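Colleague: mind looking at a prediction? Sequence and model below.
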Amino acid sequence: MLILLGIITGAHGIRGEVKLRSFTADPQAIAQYGPLQTKSGDTIEIIRLKPQKDHFIAALKGVTGRNRAEALRGTELFVAREKLPPTDETEIYVSDLIGRPVVSNGTVIGEVVGIENYGAGDLLDVKLPGRRGTVLIPLGGDFISSIANGTITVDLPEGYLDEK
């Protein structure tokens with residue numbers, strides 16, 4: 001399984017540097033995972049990171065001109081799940097929630113099919129049986145009661161799952 005660690009958002013300057021957003025807990029750690037993979041299976045190696053306000057300027061191995069850097073805009077950077085450090089008992093990687101059952105009031109209501117983030121925080125994308133679409137449940141706040149024993153227990157407001 002590949003885990004998304006960052007994305008190249010554009011070119012910087014004329015020497016092939018790129019603007020890079022990191023999604024790791026410690027943003028600079030993205031460079032420590034060794035070569036990263038793209039969706040197409042290409043390998044990208046970060047050789048230098050320079051912090052900016054909300055991103056990094058990165059030098060990539062083999063990228064020496066602006067045209068090549070521009071061509072990488074929008075490239076997502078992944079690492080194999082087994083390269084991530086182990087979590088302690090109170091932590092979990094968000095990607096590990098995919099496929100887990102979601103329980104409300106003691107009843108399985110669905111299964112996590114994805115994780116979304118539109119800027120305000122992570123959302124569980126939950127497929128409910130018998131429904132065409134999915135329901136988004138905020139991962140933070142009061143919506144999640146517990147994540148234990150392979151199950152996500154939620155405490156949803158009255159009517160939250162009603163079809164609109």
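Modeller: Good, I have the coordinates. What you see is a predicted model; the values in this text were computed from it and never measured. Numbering: from 1, shown residues only.
Colleague: and the closest residue to K83 other than its chain neighbours, what's its pLDDT?
Modeller: Closest residue to K83 apart from its sequence neighbours, by CB to CB, 6 or more residues apart in numbering: Y33 at 5.6 Å. C-beta coordinates here come from the backbone N, C-alpha and C atoms, glycine included. If you check Y33, the pLDDT there is 91.
Colleague: quick one: low-confidence ranges for this structure?
Modeller: For the chain, the stretches with pLDDT under 70 are 164.
Colleague: mind redoing it with 80?
Modeller: Across the chain, the ranges flagged by pLDDT under 80 are 89-91, 117, 119-120, 140-141, 163-164.
Colleague: where exactly do the helices run in it?
Modeller: Ranges of helices within the chain are 66-71, based on DSSP state H.
Colleague: okay, domains of it per the record?
Modeller: Following automatic domain parsing, the chain resolves into domains at 2-83, 94-154.
Colleague: just name the most buried of those domains.
Modeller: Ranked by mean neighbour count, these are led by domain 2-83 with a mean of 16 (mean count of other CB atoms under 10 Å).
Colleague: what's the first-to-last distance across that one?
Modeller: One end of domain 2-83 sits 10 Å from the other (CA to CA, to the nearest Å).
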